[in-house]
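# Only the shape, not the letters, is given here:
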């Protein structure tokens, strides 16, 4: 989980899970190699989307174990729209026990 909402331009990505609405998104990993990015996306403008340019899983030394392909949220269709967004992802399950962190590069 990111400790604070992420911002890019007039967009914000915050938490979706109860108790995280004032924090950043949560990346939930499972031992079978499935993952979810749980978030709430907000933009003041229509036609925006949150673009995850690069999301990596890291080990305890900060070494990249896996890089997810680029993905994005649904686009906003009205001004000041909030979208609850769950991105369903997958990664090689062999890395599960070695993951200690994640890093995201993003835009809106």
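All right, it came through fine. These figures come from a predicted structure and were not determined experimentally.

# Which of the three states applies to the most centrally placed residue in the chain?
Against the mean C-alpha coordinate of the chain, by Cα atoms, centre = their mean, the closest residue is residue 37 at 4.6 Å. With DSSP: H, G, I helix; E, B strand; the rest coil as the basis, residue 37 sits in strand.

# wouldn't it be in contact with residue 87 here?
Yes. Counting by Cβ atoms under 8 Å, residue 37 does reach residue 87; the two are 4.1 Å apart. To be clear about C-beta, it is placed using only N, CA and C from the backbone, and glycine gets the same treatment.

# what touches both of those two?
Shared contacts of residue 37 and residue 87 (Cβ atoms under 8 Å, 6 or more residues apart in numbering): residue 52.

# Quick one: residues contacting residue 39.
13-16, 24-26, 50, 73, 84-87.

# Tabulate the residues you listed (TSV), appending secondary structure.
Converted to TSV, the contacts of residue 39 look like this (three-state DSSP):
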residue	secondary structure
13	strand
14	strand
15	coil
16	coil
24	coil
25	coil
26	strand
50	coil
73	coil
84	strand
85	strand
86	strand
87	strand
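
# And those, which is closest to residue 7?
residue 13 (7.8 Å; Cβ to Cβ).

# Once you drop chain neighbours, what's closest to that closest one?
Of all residues not flanking residue 13 in the chain, residue 6 sits nearest, at 4.5 Å (Cβ to Cβ, 6 or more residues apart in numbering).

# quick one: that neighbour from residue 48, how far?
Per Cβ to Cβ, to the nearest Å, residue 6 is found 14 Å from residue 48.

# Compare the two and say which is more crowded by neighbours.
Ranked by neighbour count (other Cβ atoms under 10 Å), residue 6 and residue 48 place residue 48 first, with 22 against 17.
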